[in-house]
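1. Got a predicted model here, sequence first, then my questions.
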Protein chains: 4
Amino acid sequence: MSSHSEQFASDNCSGICPEALEYMIQANQGSAPAYGNDEWTQKATDYFRELFEIDCEVFFTFNGTAANSLSLAALCQSYHSVICHETAHIETDECGAPEFASNGSKLLLAKGENGKLTPQAIEAIVTRRADIHYPKPKVISITQSTELGTLYSIEELLAIKEIARKYNLKIHMDGARFANAVAAMNKSPAEMTWKSGVDVLCFCGTKNGMALGEAILFFNKALAEDFDYRCKQAGQLASKMRFISAPWLGLLETGAWLKNARHANQCAEYLENQLLNIESVEIMFPREANAVFVKLPEHVIQSLKGKNWQFYTFIGVGGVRFMCSWNTTQSKIDELLRDIKEAIASQSKVQSR
Amino acid sequence: MSSHSEQFASDNCSGICPEALEYMIQANQGSAPAYGNDEWTQKATDYFRELFEIDCEVFFTFNGTAANSLSLAALCQSYHSVICHETAHIETDECGAPEFASNGSKLLLAKGENGKLTPQAIEAIVTRRADIHYPKPKVISITQSTELGTLYSIEELLAIKEIARKYNLKIHMDGARFANAVAAMNKSPAEMTWKSGVDVLCFCGTKNGMALGEAILFFNKALAEDFDYRCKQAGQLASKMRFISAPWLGLLETGAWLKNARHANQCAEYLENQLLNIESVEIMFPREANAVFVKLPEHVIQSLKGKNWQFYTFIGVGGVRFMCSWNTTQSKIDELLRDIKEAIASQSKVQSR
Amino acid sequence: MSSHSEQFASDNCSGICPEALEYMIQANQGSAPAYGNDEWTQKATDYFRELFEIDCEVFFTFNGTAANSLSLAALCQSYHSVICHETAHIETDECGAPEFASNGSKLLLAKGENGKLTPQAIEAIVTRRADIHYPKPKVISITQSTELGTLYSIEELLAIKEIARKYNLKIHMDGARFANAVAAMNKSPAEMTWKSGVDVLCFCGTKNGMALGEAILFFNKALAEDFDYRCKQAGQLASKMRFISAPWLGLLETGAWLKNARHANQCAEYLENQLLNIESVEIMFPREANAVFVKLPEHVIQSLKGKNWQFYTFIGVGGVRFMCSWNTTQSKIDELLRDIKEAIASQSKVQSR
Amino acid sequence: MSSHSEQFASDNCSGICPEALEYMIQANQGSAPAYGNDEWTQKATDYFRELFEIDCEVFFTFNGTAANSLSLAALCQSYHSVICHETAHIETDECGAPEFASNGSKLLLAKGENGKLTPQAIEAIVTRRADIHYPKPKVISITQSTELGTLYSIEELLAIKEIARKYNLKIHMDGARFANAVAAMNKSPAEMTWKSGVDVLCFCGTKNGMALGEAILFFNKALAEDFDYRCKQAGQLASKMRFISAPWLGLLETGAWLKNARHANQCAEYLENQLLNIESVEIMFPREANAVFVKLPEHVIQSLKGKNWQFYTFIGVGGVRFMCSWNTTQSKIDELLRDIKEAIASQSKVQSR
């Protein structure tokens, strides 16, 4: 029963949500122009412009690794560098994709609480070196919501914008879970992006309920020059584009993008609240979107694994990540909580003997 | 009515065939492991091995540009070169993707009748230069069926195999329309590939009826070392892989891959046969798969365009390409033929006045 | 006796001219700041600005392959293309260096008499394709003097400038033998470059009499942004830069650059004039700088090789290239001529029997 | 007087040593075959083989950045990674050259006392991740002598060799100051390289007394396949190669390479010994080759700078590096020591008032 086994590992273990699927099937009527010259792509593109309240350039890629690495490559040359948090997905989980797409740009890693960059950390990196023997910083990359499930507030974004302007840096936002951030913050997509200085956003559809597909939004249109060529050359131009753009339209037009994100966030909130009632459990980072990071005793982790629960663990720190998704159910969370409690209780018994 | 407008432009204007769609929907049951660790991917992979009668390495990418360029990059370094026909898609329509993926490999272009490389042309290129000031040939790339709608016979493939062995070259097959080739040649996939010396095949699912998806088969497994890392780094690893692999399984398991290809080939054959009966029409290349290339008088081309027929034209030579697909209908072909005849007749009337 | 054996092969077989050597030795006084922060580099840089009558950006690289490929990479992205003549050195003799440095830019080859691009040929390439499936032209690369020993006149350069402006293309000049061109044309360096629309010049010192070293001059300074980082990253920043810049200053300040070039040109002119007096010898291209291309009977070519003469041959066309250099001597030319005549005469005797 | 001003900044501020210069001038007799087909290159190559007691493959590049990055690129693909110390020059001072040359390989940084990698640190990195979302380690890069002026003992090298074999990693040695290491350790070049598991060595000639030039020695010849093409493509093939290879021969044949290195080491030892006698001065790392790292009071550093002494400082730690070279003199060291003592004394007076 594979459907049983991936419950809290990642939101990319979930399937296609009904709205995305319905639009995909609708788009499957007869033939259509290839390479994005179809009506669905035009409509989805326009919808993004409306949603973000700006005439931005919109591109679609197959996945987030491509979206991040190609958009970063558009912001810097091979001898430039990208400042990001040491836990950034582009650093830890894309197998050197940014370096490959840019032909060598270096990622400069900053520390920062709760997975977030700070203006101070950025400035420290920028001012550390100013000679040609070290790649020149050109871009700040931030993830919203972060890899640790936290959120940059508008104030934090504006502070980063300020430091970016001071040092002539562009801002890239990895929006792997951008929908979850919007749902959580109750701010408009515009406020959370270009009004806060973001030059380009990679908005992930896959984790939000699509089969696959990412939208890249260049709010700074000058940076998008010939970006369509870049996508094509990098193997990211879908011939039957409508099967990416139509599901996107499905998410956007029906409001499913927010509904899915809200559901996932609420699941995480519920899980967090329940966990807070359990002794021996420690929440690691503020739970602000759809991920809950907790420290569990090692025997509890092993017990959960023995019962085939799926989740990421962090070696050495005793931490685990529970990720909620559009299709997470309360009953599944309750099952998980029950098993956690049981594992803790059984150990207590052993110890009390 | 966009569905009306892309009839003979390309087989990538067609939608998803029923079998691929059904399997995709079946695969959308609950959650599943990401990144290809799901059951669908395992099954599709095994099916390819069975179909090709060999324990090959199988990888999935999003599209053909990626499949071709990454597999070529696996066969050569940046200072090596790839020999291909001057009409090869990798040269004419991938925006420098092979050069990008390999960080600079050069494509060396050969001429050859009907879009096909010959051992003589390959040898001429290999022996032309042997100094370090020119990239060293390492790979032969052939397209089956070719960009001109023709087929390499088994004998032709074996002759190329021989020259490849003589000069220690690897053989890459661009199988954008490999299914059509198999359907037309009545040979086994094994005979048409590894038994004929092919080291790696890029088997296109998109044109065969999927929403998107390409399978890369390394028959020479040594060449596939760490290829999964390459795919990941290049942004070609789908997180929800099952939505590529399940449709593939749908095509393969139900036999739709061959049924679709046969249908397209038969449509093209029918179209060709009818065209042969029309004066002023000249078939340009042997029609062997699902494409018909014909020379039409310029006024006929204009007339067809005026009636919103979609097809590729070749500047200066008066040639047009009519591509048939899994969803081409005889009635649509008859409409096209009627319009061609009318256009010719109307001009004849004008001329005869 | 290797000194005997490389007489007409290439001007890169010659050694260091006295002026370059003298300045190199002068520069070898004690220690000096590294990486170009020394006085010699400052002086040489300023001298270039004076010589070209413009405040250009000047960089030094080790060789011409690097100069060409890095400057081209500065003018275009990986999904762009460079228009050049099919005999251009960047295409035929740099082992894919431009593609490597730019991470995939394609060279689009034009034909043209006497090794020269024409506005018509450029326009034909630019207008041939305008879709994203083919790399977008961004640069025109011309070689002055050309690989066939001919020269672009100022009028020809201006005509190319016009077409470049029309299509928003940058102009790169490969000045492997720029000094020879200046010496031959009696025009100022400024007239021959930026006044004729050239954006960047790669001025070769090696063939002009240095041990090694190339100067890259960006007349369009905006294009040189962060180019120092590019050089560093590509392994083209000399730590002991003075040993490249001082010899450059030696060439420039003493006038040796022109003296050497004039000498080489005159040698070629003398050789050409003498060859014109010999029957069975056919000059292939107008001899305008320091190279003479002639068709010789195959037995003559073999006879010369038998006597250890060194020169390039062109397979299949019976053509050979005699390249003159700053250290070519008339007596050596006379020897060569004598051997050519003898070879021809001996064969005539054979034939007349 | 720039010769005054670069005394202890770096050994690449020194000029050309007499032996290297003499051979360069000797090589400047008439013409010679280009691209390394000359006698000097053959002789230098053979000399390296003799010196290292093995039939290795030898290549020459212009500088160390190129040597390191191209040889690393030969050992790994873009989706692989290189393990090095966090102070490694390839990480801190080559502007992303390894990432560029390899099209994206990542450097994985390890800590380690005195600038040295340990088997434990290497193993920790190798075993940290084993999934395709992170570049696979393929190479260990060590610098001998290290960037902190220390040395790997033969035992340490053998321990690294063992861990390399365990995890199928190749070993690259950055020999920016390899001569200094040989001079200091009294071991044979063979013992210090291939007998200790080193696959490829980048042996720096520039810092050892040449104008420029690096030798790359592949002890594992299989790894050198087509490396000549790689050099050519990367703009690292000198046309007048003899002016790199002849000075190399000059260094080797006359023993100047060791003499220069010993001299530099002895200067550093003398400087260190004298510094140890001064209160307020703290040696930071064991002085084992030609660099002395010391902590000095900030006012002393400022005082030295005010007197135009040149050296590197390390922000925040109060550390400075004094690098000795083949042309360092004892009188200059004594001058430096006097100024340090004076600066310390003057401050003491201030404080004692």
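-> Yep, it's here. The structure displayed is predicted, hence computed values, not measured ones.
2. in the stretch 101-250 of chain A, what residue is nearest chain B?
-> Residue of the stretch 101-250 of chain A nearest chain B, by C-beta to the nearest C-beta: A:Gly235 (2.9 Å). Quick note: C-beta positions are derived from backbone N, CA and C, even for glycine.
3. Per-residue pLDDT of the closest residue to that residue other than its chain neighbours, please?
-> Take A:Gly235 and drop its neighbours on the chain: the residue closest to it by C-beta to C-beta, 6 or more residues apart in numbering or on different chains is B:Ala66, 2.9 Å away. Note on B:Ala66: pLDDT of 98.
4. follow-up on the earlier one: now do the residue of the stretch 101-250 of chain A closest to chain B: how many residues are near it, please.
-> Neighbourhood size, A:Gly235 [other C-beta atoms under 10 Å in any protein chain shown]: 28.
5. From chain D, how far out is it?
-> Going from A:Gly235 to chain D by C-beta to the nearest C-beta, to the nearest Å gives 15 Å.
6. List the contacts of A:Cys13.
-> Contacts for A:Cys13 (C-beta atoms under 8 Å, 6 or more residues apart in numbering or on different chains) come out as A:6-7, A:310, A:325, B:31-34, B:240.
7. With A:Cys202 instead?
-> Per C-beta under 8 Å, 6+ apart, neighbours of A:Cys202: A:64, A:67-68, A:71, A:172-176, A:214-216.
8. helices or strands up against the helix or strand containing A:Ala184?
-> In this structure, A:Ala184 sits in helix A:178-185 according to DSSP states H and E. Judged by 3 or more C-beta pairs under 8 Å, 6 or more residues apart in numbering or on different chains; DSSP states H and E, the packing partners of helix A:178-185 are helix A:189-192, strand A:200-204, helix A:256-276.
9. list the buried ones in the shortest one?
-> Along helix A:189-192, these residues count as buried under the neighbour rule (16 or more other C-beta atoms under 10 Å in any protein chain shown): A:189-190, A:192.
10. got the contact list for it?
-> Helix A:189-192 is contacted by residues A:51-54, A:144, A:154, A:157, A:178, A:181-182, A:185, A:198 when judged by C-beta under 8 Å, 6+ apart.
11. at 10 Å instead, please
-> A:48, A:51-54, A:56, A:144, A:151-154, A:157, A:173, A:175, A:178-179, A:181-182, A:185, A:195-196, A:198, A:201, A:203, A:217, A:219, A:257 (C-beta atoms under 10 Å, 6 or more residues apart in numbering or on different chains).
12. In ChimeraX, select just the buried ones from those residues.
-> Burial among the contacts of helix A:189-192 is assessed by 16+ other C-beta under 10 Å; the matching ChimeraX selection reads:
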select /A:48,51,52,54,56,144,151,152,157,173,175,178,179,181,182,185,195,196,198,201,203,217,219,257
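13. And the most centrally placed residue in chain A, how far from B:Val281?
-> Closest to where the C-alpha atoms of chain A average out (C-alpha atoms, centre = their mean) is A:Ala176, at 1.8 Å. A:Ala176 sits 54 Å away from B:Val281, going by C-beta to C-beta, to the nearest Å.
14. before we move on, the earlier item: any idea which of the helices and strands packed on helix A:178-185 is most buried?
-> When you average the neighbours per residue for each of those (mean count of other C-beta atoms under 10 Å in any protein chain shown), strand A:200-204 leads with a mean of 28.
15. Given that one, what are its sheet partners and their directions?
-> Strand pairing for strand A:200-204, determined by DSSP bridges: strand A:170-175 (parallel), strand A:214-218 (antiparallel).
16. for the residue nearest to A:Pro286 when sequence neighbours are not counted, what are its contacts?
-> In space, and not counting its chain neighbours, A:Pro286 is closest to A:Thr150: 5.5 Å by C-beta to C-beta, 6+ apart. Contacts for A:Thr150 (C-beta under 10 Å, 6+ apart) come out as A:113-116, A:143-144, A:181, A:184, A:285-289, A:291, A:293.
17. repeat for A:Ala66
-> Residues near A:Ala66 by C-beta under 10 Å, 6+ apart: A:94, A:97, A:101, A:202, A:214, A:216, A:231, A:234-236, B:62, B:66, B:234-237.
18. and those residues, which of them are in helices?
-> Using DSSP state H, the members of the contacts of A:Ala66 that fall within helices are A:97, A:101, A:231, B:66.
19. Can you pull the poorly scored residue ranges out of chain A?
-> In the predicted model, chain A carries pLDDT under 70 at residues A:1-5, A:315-317, A:348-353.
20. where do the strands sit along it?
-> Taking DSSP state E as the test, the strands found in chain A are A:57-61, A:80-85, A:106-110, A:136-143, A:170-175, A:200-204, A:214-218, A:282-283, A:291-295, A:312-314, A:319-323.
21. Could you dump those into CSV and include distance to A:Ile163?
-> Output for these, formatted as CSV (distance: least, C-beta to C-beta, whole Å):
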stretch, distance to A:Ile163
strand A:57-61, 25
strand A:80-85, 10
strand A:106-110, 12
strand A:136-143, 8
strand A:170-175, 10
strand A:200-204, 17
strand A:214-218, 21
strand A:282-283, 30
strand A:291-295, 27
strand A:312-314, 29
strand A:319-323, 29
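22. Mind checking those for the one nearest to D:Lys207?
-> Minimum separation from D:Lys207 across those (C-beta to C-beta) falls at strand A:106-110, 24.8 Å.
23. neighbours around the nearest residue to A:Ser81 once chain neighbours are set aside, how many?
-> With sequence-adjacent residues excluded and distances taken as C-beta to C-beta, 6+ apart, A:Ser81 is closest to A:Pro135, at 3.8 Å. By the criterion of other C-beta under 10 Å, A:Pro135 has 29 neighbours.
24. Which residues are in contact with A:Pro135?
-> A:76-82, A:104-108, A:129, C:226, C:229, C:232-233, D:94-97, D:99-100.
25. how far away is it from D:Thr61?
-> 21 Å.
26. for A:Lys106, same thing?
-> Look at A:Lys106 and D:Thr61: by C-beta to C-beta, they are 22 Å apart.
27. Would you work out how far apart the start and end of stretch A:168-180 are?
-> End-to-end distance for stretch A:168-180: 29 Å, by C-alpha to C-alpha, to the nearest Å.
28. From what I see, A:Lys221 and A:Asp55 are in contact.
-> Yes - taking contacts as C-beta atoms under 10 Å, A:Lys221 lies within contact range of A:Asp55: 7.5 Å.
29. which residues sit in contact with A:Phe322?
-> By C-beta under 10 Å, 6+ apart, the contact set of A:Phe322 is A:7-9, A:149, A:267-268, A:271-272, A:275, A:287, A:290-294, A:309-312, A:328, A:333, A:336, A:340.
30. try 8 Å
-> Shown in contact with A:Phe322 (C-beta under 8 Å, 6+ apart): A:8, A:268, A:271, A:291-294, A:311, A:336.
31. need those residues in a markdown table with distance to B:Asn168, can you?
-> Listed next are those as a markdown table, based on distance: C-beta to C-beta, whole Å:
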| residue | distance to B:Asn168 |
| --- | --- |
| A:Phe8 | 51 |
| A:Ala268 | 57 |
| A:Leu271 | 59 |
| A:Ala291 | 51 |
| A:Val292 | 56 |
| A:Phe293 | 53 |
| A:Val294 | 57 |
| A:Phe311 | 49 |
| A:Leu336 | 57 |
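32. In TSV: these, plus distance to chain D.
-> Formatted as TSV, those follow (distance: C-beta to the nearest C-beta, whole Å):
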residue	distance to chain D
A:Phe8	18
A:Ala268	23
A:Leu271	25
A:Ala291	17
A:Val292	22
A:Phe293	19
A:Val294	22
A:Phe311	15
A:Leu336	24
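33. and of those residues, the nearest to chain C?
-> Taking C-beta to the nearest C-beta as the measure, A:Ala291 is the one of the contacts of A:Phe322 closest to chain C, at 35.5 Å.
34. Regarding chain A, what is its longest helix?
-> Longest helix in chain A by number of residues (criterion: DSSP H): helix A:330-352.
35. still on that earlier bit, any chance of the helices and strands packed on helix A:178-185 in CSV with distance to A:Val320 as columns?
-> Formatted as CSV, the helices and strands packed on helix A:178-185 follow (distance: least, C-beta to C-beta, whole Å):
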stretch, distance to A:Val320
helix A:189-192, 28
strand A:200-204, 23
helix A:256-276, 11
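36. Cheers, nothing more for now.
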